[in-house]
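A.B. asks: Below are the sequence and a predicted model for it; my questions follow.
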Amino acid sequence: MKFIIAVIKPFKLDEVREALSGIGVAGMTVTEVKGFGRQKGQTEIYRGAEYSTNMLPKVKIEIAASDALAALVVETIQAVARTEAIGDGKIFVLDLASATRIRTGETGDTAL
Amino acid sequence: MIRKFVTGVLATAGSLLAATAAFAQDTAVAIAPAAAAAPFVPTAEMVDKGDVAWMLVSSALVLMMSVPALALFYGGLVRAKNMLSVLMQVLTIVCVAALVWFGWGYSMTFTSTGSPWPSLVGGLDKAFLAGVDPTTFAATFSNGVYLPEYVFVIFQMTFACITPALIVGAFAERIRFTPLILFVVAWLTLAYFPIAHMVWYWAGPDFLHAAPTDMGLLWGWGALDFAGGTVVHINAGIAGLVGCLIVGPRIGYKSEPMPPHSLVMTMIGASLLWIGWFGFNAGSGLEANAFGALAFINTLTATAAAGATWAIIEQIVHKRPSLLGAATGVVAGLVAITPAAGFAHPGTAILLGALASGVCFVFVTTVKNKLGYDDSLDVFGVHAVGGIIGAIGTGVVAAPSLGGQGWIDYTAPVATAGEYDLAGQVMTQVWAVGVTVLWTGVVSAALFLALKYTIGLRPSAEVETEGLDIREHGERAYNM
């Protein structure tokens, strides 16, 4: 099993969610986050007092997927979340040691 | 400019001090031939119900400028943890100032009897509104036209309410509540009432020729201040600057971000200020007539020009026009047109508003940052600077050669237009500004220092960091 963490632009969330549902992803966890990368922050100016916000709002998606599905998930997110501008985000994939469905106690791929 | 009351009894009493007479000569005050006729007595027939209705509405509009307009304008600009402290300061100052005005403010401002220096400050003969009742009258700017004295007391009360409230923006987010209120009571008594008396007190058009020295010092010099450029804005703006210097900058000033917590509130406040300002400026004519309408349209044109100018400057300098910028420009324009409202042509008002906006922009965005004083909400940068531009500019835009209204010579039994000397008038305006700056600067510094070294002005660092709302007032603006 793989654990996939994707940080994407907030306005792409709905598209990504629909595309992932389409390829059989059964669930995900979404968090509003802030961070920075190569994209520069915004500058806010209030009566001449400048505040540069170097943290930008992003959405973090966490998905647990079977080994078979993981590559397609990454490919789908990459294709859908892409705007070809800096700040589109990143996708990380980790090995996942176990998964347990709390209600039934099922483990492994059947718990996903 | 402006009038005063007069009840028949004390019309011409006292106040013939030689010093005053010397100062009064600029307004071409001749030694009046003591009117041989019986003393003039205003009567109820000289009151126009239209004037009364307009002045009562204007008074309510001016009160709205303080609460909620100024409170929201300032409140939106502070951080969320200090929102209620600003609202509470403004609301309480309004309440306290109204009571002080009833107690001794009106008497100290709009009488001249019982005072050792009648050109500087009034006495206490009308303290607690003694002698004021529905049968007494206040003068307007026209011969034989009077307001019930209560109307005038009310209208001027609302001015005394907003002026000290303006000051709190300079040291917002770092002042203790009780010392602030003590400051306000003392400052009204020692700065606001004397300056308002010096600028606005005079015997009235039907009385001045018989008592040619019965007037405030600056009024006697011929200084023009239609609705309070010196009395309200320079007065409060300088007090604010002195206060922020003595109180010191906020913890974290310049090292941590302090963006406004709700520019929506600030927009609501600025808009209500503009609306209320029609009462402030157009009401200052004291009559529902063409000069009130002139002050009204100038309050529109100057303000519109100032708001647009600030936005344009930001578009050029920062590439993005901000709401806060436009709203600040609007207030700068309102401040600048205040002393000139009843004198300027709507066209020259546009120029005055635009000029004030540009100069205030420089002070707010550049001068403050260079000098490093923490005038948190730009009371000095907008009210003092805009007020000074307006006060001096009034000397220019009032010129009849530029479409202005000139000045009225009230020393004759029937008022007539005076001869306008533009350069001389500008110098008179400069002197009036100088007296105001000096007087309020000294009084404010003395009061702030006295409080600082006795009961203290600032909360502890812990309280300031946590926020004044929860620690000084025991509540939060937003429970979410």
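C.D. replies: Yes, it's here. Numbering: from 1, shown residues only, chains lettered A, B, ... in the order given.
A.B. asks: three-state assignment of residue 75?
C.D. replies: Defaulting to chain A. At A:Glu75, secondary structure determined by DSSP: H, G, I helix; E, B strand; the rest coil is helix.
A.B. asks: Okay, it and chain B: tell me how far apart.
C.D. replies: Separation of A:Glu75 from chain B (Cβ to the nearest Cβ, to the nearest Å) stands at 39 Å. In short, each C-beta sits where N, CA and C put it, glycine included.
A.B. asks: ditto for A:Glu62
C.D. replies: Taking Cβ to the nearest Cβ, one finds A:Glu62 at 26 Å from chain B.
A.B. asks: Just give the number of residues close to the closest residue in space to B:Leu352 that isn't next to it in sequence.
C.D. replies: Leaving aside its chain neighbours, B:Leu352 sits nearest to B:Gly393 (4.8 Å; criterion: Cβ to Cβ, 6 or more residues apart in numbering or on different chains). When counting by other Cβ atoms under 10 Å in any protein chain shown, one arrives at 27 neighbours for B:Gly393.
A.B. asks: Check B:Ile408 too.
C.D. replies: Quick note: B:Ile408 (other Cβ under 10 Å) scores 16 neighbours.
A.B. asks: One more: the one 3 residues further on?
C.D. replies: By the measure other Cβ under 10 Å, the count of residues near B:Thr411 is 19.
A.B. asks: doesn't B:Phe207 make contact with it?
C.D. replies: No: applying Cβ atoms under 8 Å as the test, B:Thr411 and B:Phe207 come out as separate, 10.9 Å apart.
A.B. asks: Can you show me the strands along chain B?
C.D. replies: For chain B, the strands defined by DSSP state E occupy B:5-6, B:137-139, B:146-148, B:408-409, B:416-417.
A.B. asks: Adding distance to A:Glu75 and mean pLDDT, write those strands out as CSV.
C.D. replies: Output for those, formatted as CSV (distance: least, Cβ to Cβ, whole Å; pLDDT from 0 to 100):
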stretch, distance to A:Glu75, mean pLDDT
strand B:5-6, 85, 38
strand B:137-139, 83, 97
strand B:146-148, 81, 97
strand B:408-409, 84, 89
strand B:416-417, 86, 88
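A.B. asks: May I see the ones you listed arranged in TSV, with distance to chain A as well?
C.D. replies: Converted to TSV, those look like this (distance: least, Cβ to the nearest Cβ, whole Å):
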stretch	distance to chain A
strand B:5-6	41
strand B:137-139	40
strand B:146-148	40
strand B:408-409	39
strand B:416-417	42
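A.B. asks: Just send those back as a markdown table, with distance to A:Gly108 too.
C.D. replies: Converted to a markdown table, the strands of chain B look like this (distance: least, Cβ to Cβ, whole Å):
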| stretch | distance to A:Gly108 |
| --- | --- |
| strand B:5-6 | 92 |
| strand B:137-139 | 91 |
| strand B:146-148 | 89 |
| strand B:408-409 | 95 |
| strand B:416-417 | 98 |
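A.B. asks: Nearest approach to B:Ser115 belongs to which of the ones you listed?
C.D. replies: Across the strands of chain B, B:Ser115 has its closest neighbour in strand B:5-6 (15.1 Å, Cβ to Cβ).
A.B. asks: Which residue, neighbours along the chain excluded, lies closest to the closest residue to chain A within the stretch 1-150 of chain B?
C.D. replies: In the stretch 1-150 of chain B, the residue that lies nearest chain A is B:Leu77 (8.2 Å; Cβ to the nearest Cβ). Distances taken as Cβ to Cβ, 6+ apart put B:Pro260 closest to B:Leu77, at 4.5 Å, once the chain neighbours are dropped.
A.B. asks: Distance check, B:Tyr201 against B:Asp225.
C.D. replies: 12 Å (Cβ to Cβ, to the nearest Å).
A.B. asks: one step back: my guess is the residue nearest to B:Leu352 contacts B:Leu355. True?
C.D. replies: Yes: using Cβ under 8 Å, B:Gly393 makes contact with B:Leu355 at a distance of 7.0 Å.
A.B. asks: Against B:Arg79, how distant is the nearest residue to B:Leu91 once chain neighbours are set aside?
C.D. replies: Closest residue to B:Leu91 apart from its sequence neighbours, by Cβ to Cβ, 6+ apart: B:Val67 at 5.6 Å. Between B:Val67 and B:Arg79 the distance is 21 Å, computed by Cβ to Cβ.
A.B. asks: In stretch B:159-178, which residues are buried?
C.D. replies: B:159-176 (16 or more other Cβ atoms under 10 Å in any protein chain shown).
A.B. asks: And for stretch B:138-154?
C.D. replies: Applying 16+ other Cβ under 10 Å to stretch B:138-154 flags B:138-143, B:145-154 as buried.
A.B. asks: can stretch B:291-306 be found next to chain A?
C.D. replies: No: if you take Cβ under 8 Å from any Cβ of the partner chain as the test, stretch B:291-306 misses chain A, and the best it gets is 14.6 Å.
A.B. asks: who's in contact with that stretch?
C.D. replies: B:54, B:141, B:226-227, B:274, B:277-278, B:281-285, B:329-330, B:332-334, B:336-337, B:340-342, B:344, B:346-347, B:349-354, B:356-357, B:405 (Cβ atoms under 8 Å, 6 or more residues apart in numbering or on different chains).
A.B. asks: Could you point out the longest strand of chain A?
C.D. replies: Using DSSP E, we find that the single longest strand of chain A is strand A:56-65.
A.B. asks: and that strand, average pLDDT?
C.D. replies: Average pLDDT, strand A:56-65: 94.
A.B. asks: In chain A, what residue comes closest to chain B?
C.D. replies: Closest point on chain A to chain B, by Cβ to the nearest Cβ, is A:Gly48, at 2.7 Å.
A.B. asks: how many other residues sit next to that residue?
C.D. replies: 20.
A.B. asks: Grab the nearest non-local neighbour of it.
C.D. replies: B:Thr365 (2.7 Å).
A.B. asks: Contact partners for the residue in the stretch 351-480 of chain B that chain A sits nearest to?
C.D. replies: Chain A sits closest to B:Thr365 of the stretch 351-480 of chain B, with a gap of 2.7 Å, by Cβ to the nearest Cβ. Counting by Cβ under 8 Å, 6+ apart, B:Thr365 makes contact with A:47-48, B:317.
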